[in-house]
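>>> Next comes the sequence, and after it the predicted model I'd like to discuss.
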Amino acid sequence: MKKLDNYRSALRVLEQAPLQDRTNEFVQSGIIGKFSLQFELGWKLLKALLVYEGDQVSASGSPREIIKRAFRYFDGMDEEAWLSMLRDRNDMTHIYDAVRASALVERIVDDYIPVFQRLEAFVLERYASGELDELA
């Protein structure tokens, strides 16, 4: 599944964030940008999985609705963490000071990367038979 492949590839890059100089503004900007991309790939992956499962809500296109519905479908999904990521993603455009940017980078490293990793592990386990290969 192309969406899963893209998700996994982007996650490998974001997983490098803890190894970087997170005090550097340029590095912070890069981590925040990679987080934004990973979040987009994540909710779109969830949308594709809901379509595969035959759920009609997935047609709405709303990240919030897709996250809430995916929480009902997929055991172990942390709805609050995903909604927190959605808020942070939406608020990113309003981060102008170094303190808020630094705090977001720490949440990304400490809280959000593990959430992305859990989704990856869940999808690989649940759809291990390769049945997602047919999805674009």
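Received the coordinates, thanks. Residues are numbered from 1 along each chain as shown.

>>> check contacts around the most centrally placed residue in the chain.
With distances taken as CA atoms, centre = their mean, residue 39 lies nearest the centre of the chain, 3.2 Å away. Residue 39 is in contact with 85-86, 89, counting by CB atoms under 8 Å, 6 or more residues apart in numbering. From N, CA and C alone the C-beta is placed, and that goes for glycine too.

>>> Roughly how far does it sit from residue 25?
Separation of residue 39 from residue 25 (CB to CB, to the nearest Å) stands at 21 Å.

>>> cool, and residue 59?
From residue 59 over to residue 25 the distance is 40 Å, taken as CB to CB.

>>> Now find how far off-centre the lengthiest helix in the chain is within its chain.
Assignment by DSSP state H gives helix 25-53 as the longest helix of the chain. Chain-centre distance of helix 25-53: 4 Å, with CA atoms, centre = their mean, to the nearest Å.

>>> Stretch 61-76 too?
Centroid displacement of stretch 61-76 relative to its chain, using CA atoms, centre = their mean, is 12 Å.

>>> Name the helix or strand for the residue nearest to residue 8 when sequence neighbours are not counted, please.
Nearest residue to residue 8, sequence neighbours excluded (CB to CB, 6 or more residues apart in numbering): residue 120, at 6.0 Å. Assessed by DSSP states H and E, residue 120 sits inside helix 113-126.
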